[in-house]
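# What shape does this take:
(chains A, B, C and D)
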There are 2 protein chains.
Amino acid sequence: MNITIADIAKIAGVAKSTVSRYLNGGSVSDTTRLKIEQVIKETGYIPNSFAQSLKAKKTSIIGVIVPRLDSFSVAQTVTGMEEELRENGYQMLIINTNQDLSREIEALYDLARQKISGIVLLATQITDFHLAAIKEIGIPVIFHGQQHPDVHSIIYNDYAAGYEIGRYILSKGHNRIAYLGVTEQDVAVGVERKCGFQKALKEQSGATAQFYESGFKVAAAVEAASTILDGSGQRPTAIVCATDSIALGVMKAAHMKEWRIPEDLSVTGIGGYDVTEVIHPGLTTVKYQYAAGGRLAARHIIKLVHDERVDRLTVLQCELIERESVDNKSIHRLY
Amino acid sequence: MNITIADIAKIAGVAKSTVSRYLNGGSVSDTTRLKIEQVIKETGYIPNSFAQSLKAKKTSIIGVIVPRLDSFSVAQTVTGMEEELRENGYQMLIINTNQDLSREIEALYDLARQKISGIVLLATQITDFHLAAIKEIGIPVIFHGQQHPDVHSIIYNDYAAGYEIGRYILSKGHNRIAYLGVTEQDVAVGVERKCGFQKALKEQSGATAQFYESGFKVAAAVEAASTILDGSGQRPTAIVCATDSIALGVMKAAHMKEWRIPEDLSVTGIGGYDVTEVIHPGLTTVKYQYAAGGRLAARHIIKLVHDERVDRLTVLQCELIERESVDNKSIHRLY
DNA sequence: CTGAAAGCGCTTACAG
DNA sequence: CTGAAAGCGCTTACAG
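Now for the predicted structure:
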């Protein structure tokens, strides 16, 4: 393992620079090429990429900072990103911050120290510390999932997603709706989706909604939903959820109370996780193309690394998927 | 960004070696320390980790080779691994091979070239090429999920999992059972689990089972299950599935045909994915501690990197979780 | 405590 | 086509 280019050169009876030239596709005579090739094969020589990078002053590694790995959206995004990166000769270094914002900042500096070529940050919140770090490290960074005017960003159209799902649920005649969202600190998921929904609500005279908040995990949603369903006031006919995970939690809470879906309660999600298609009843939701989003982020960061122009902001569209979790209240039932 | 230790030294009026010593916690006088600290702060100096690694001849990066990222088990495993690695000052470089075995071999060499300290391979199949590569690169490698006597391995007790689930389903009075497994090329999932199940079967006189094979994905399982359920022969009262994903597919197929679970068909999985708890009815399965397995793999690879002793083979136990997807045929129903 | 010098393994002009 | 030499940015004995 400790064979260096000098060893190869000595054994092959040539100069180091010749070996290096061979390695990098420079012109070498057939005889020396054959000789070098053989020695490399015999010795099992593997170039030391540090030394290479030390000269080249960069790696072909893209850093990806994620808040967690065990989430459908992140896993899909990262999968798409990895494929695109690999196809373009880049590797992916994943840093999982476990939802710790300060760790995101650290990660930014860490990656810079390692002369990563570029960074994609799957953001949940953007703070001044983020912006300061990005400015200081001076390597290309892309936000994915959240946006900021100073940084290249790729987002999903969360506002449209909320709006579509709102229009849909209202078109089905629901007017006692509970909206189960998440913290407003998450602009994309907590604010945009809700605002989109509210816009739909405003357009429909006579419709009202109650707004609630849940954590991101299924267990938190189960709890939040139980509170809503046990509520003393008017019971909602539908719960609109900011994410599919939350919708899953709501469905579970409903099952536990033996409410039927959609007869007793309609439920919608946002995200389009695979599992929403598999469960019964299938969940009506808005599908996000996470893998495609990941690929796009990869393509953009590669362009930035090559100093090519990239749109400051890219908005990815999404699509309503109608399944069986919403009851139609606007037609008269036969029985 | 191009500030080097030499710049710091010049500005601070000291030698490079002094700066280096400061950086590495060597003894420096208070005055020079203060001076250096200030210059570093002013310039925003970030050490070049290539140069560092070039001397140190190693990184603190562990490579993790995975067949895919968008799977519950992989995501959990990797999450656990990343936490343990980070807590010990290591970073994780993930390579996703997208189920392509030859890419696993490439990845092994790639990682070696980058002087990764160690490698964890989430294996599905082990070939001679793997073994040859591992021998050649000469850095520590751990198999996770599959075993081989020549390589440090961490596996789950797949045989016991199959056995437990077999005993359980038999104890519930099922005797027309379909076992829906996967390719035997995957020793852990395709062979071990099935053999465990078969052992349970042999111990119970009069019980028989039909064996079928499915792909790993839900969609493949839906198809396989449809074939079983439409079969001309005796219909099974239970389908035992080699993974939770397959069980999810079976449940979906059953719903599509309006078979009730568990009344018309019992279903079991193996894996213990989060979603199996959330769906209705809850899936009876065998829970694998994926995150803990990932942490353990991380701990082991770190030990190997430090030349410490590690058991050649570690077998992780798992636990039956009884939920609502299995009917009890051995009691007389009241109606 | 501090500094000059050599070296980690590679690449890159520059001569020949 | 080939080789000698300098240099990438850092660390590490070795003197002082």
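# mind checking how far stretch A:141-161 is from the chain centre?
Relative to its parent chain, stretch A:141-161 has a centroid offset of 11 Å by C-alpha atoms, centre = their mean, to the nearest Å.
# Tell me if it is near chain B.
No - figure legend: stretch A:141-161 not in contact with chain B (C-beta under 8 Å from any C-beta of the partner chain); closest approach 13.5 Å. No exception for glycine: its C-beta is placed from N, CA and C like everyone else's.
# My read is that A:Ala225 contacts A:Lys257, right?
No - under the criterion of C-beta atoms under 8 Å, A:Ala225 is not in contact with A:Lys257, lying 9.2 Å apart.
# Among these two, which residue is more densely surrounded?
Ranked by neighbour count (other C-beta atoms under 10 Å in any protein chain shown), A:Ala225 and A:Lys257 place A:Ala225 first, with 28 against 13.
# Could you measure from A:Lys135 over to chain B?
The gap separating A:Lys135 from chain B is 10 Å, by C-beta to the nearest C-beta, to the nearest Å.
# tell me the SS of that residue?
helix (DSSP: H, G, I helix; E, B strand; the rest coil).
# Same check on A:Val286?
strand.
# bridging residues for it?
In this entry, A:Val286 is beta-bridged to A:Leu320, by DSSP bridges.
# In terms of residue numbering, what are the domains of chain A?
A:5-47, A:60-157+A:290-317, A:158-288 (automatic domain parsing).
# Redo these as JSON lines? Include distance to B:Ile154.
JSON lines is the format used below for these (distance: least, C-beta to C-beta, whole Å):
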{"stretch": "domain A:5-47", "distance to B:Ile154": "27"}
{"stretch": "domain A:60-157+A:290-317", "distance to B:Ile154": "19"}
{"stretch": "domain A:158-288", "distance to B:Ile154": "27"}
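# Now the weakest link among those domains, please, by mean pLDDT.
Sorting the domains of chain A by mean pLDDT places domain A:5-47 lowest, at a mean of 86.
# Please say whether there is contact between that domain and DNA strand D.
Yes - Domain A:5-47 comes into contact with DNA strand D (C-beta under 7 Å from any atom of the strand), by way of A:13-18, A:21, A:26-29, A:31-32.
# Any of these buried? List them.
Among these, those scoring as buried are A:Val14, A:Thr18, A:Arg21, A:Val28, A:Thr32 (criterion: 16 or more other C-beta atoms under 10 Å in any protein chain shown).
# Show me the helices in chain A, by range?
Applying DSSP state H to chain A gives helices spanning A:5-12, A:16-23, A:30-43, A:49-56, A:72-87, A:101-113, A:128-137, A:158-171, A:193-203, A:218-230, A:244-256, A:275-278, A:290-305.
# Deepest-packed of these, please.
helix A:244-256 (a mean of 25; mean count of other C-beta atoms under 10 Å in any protein chain shown).
# So which other helices or strands are in contact with that one?
Applying 3 or more C-beta pairs under 8 Å, 6 or more residues apart in numbering or on different chains; DSSP states H and E, one finds that helix A:244-256 makes contact with helix A:218-230, strand A:238-241, strand A:266-268, helix A:275-278, helix B:275-278.
# now check the second one, is it near chain B?
So the one you mean is strand A:238-241. No - Strand A:238-241 lies out of reach of chain B by C-beta under 8 Å from any C-beta, never closer than 13.3 Å.
# hmm, who's touching that strand?
Outside strand A:238-241, the residues that touch it by C-beta atoms under 8 Å, 6 or more residues apart in numbering or on different chains are A:165-166, A:169, A:172, A:174, A:176-181, A:197, A:209, A:221, A:225, A:228, A:247, A:250, A:265-270, A:326-327.
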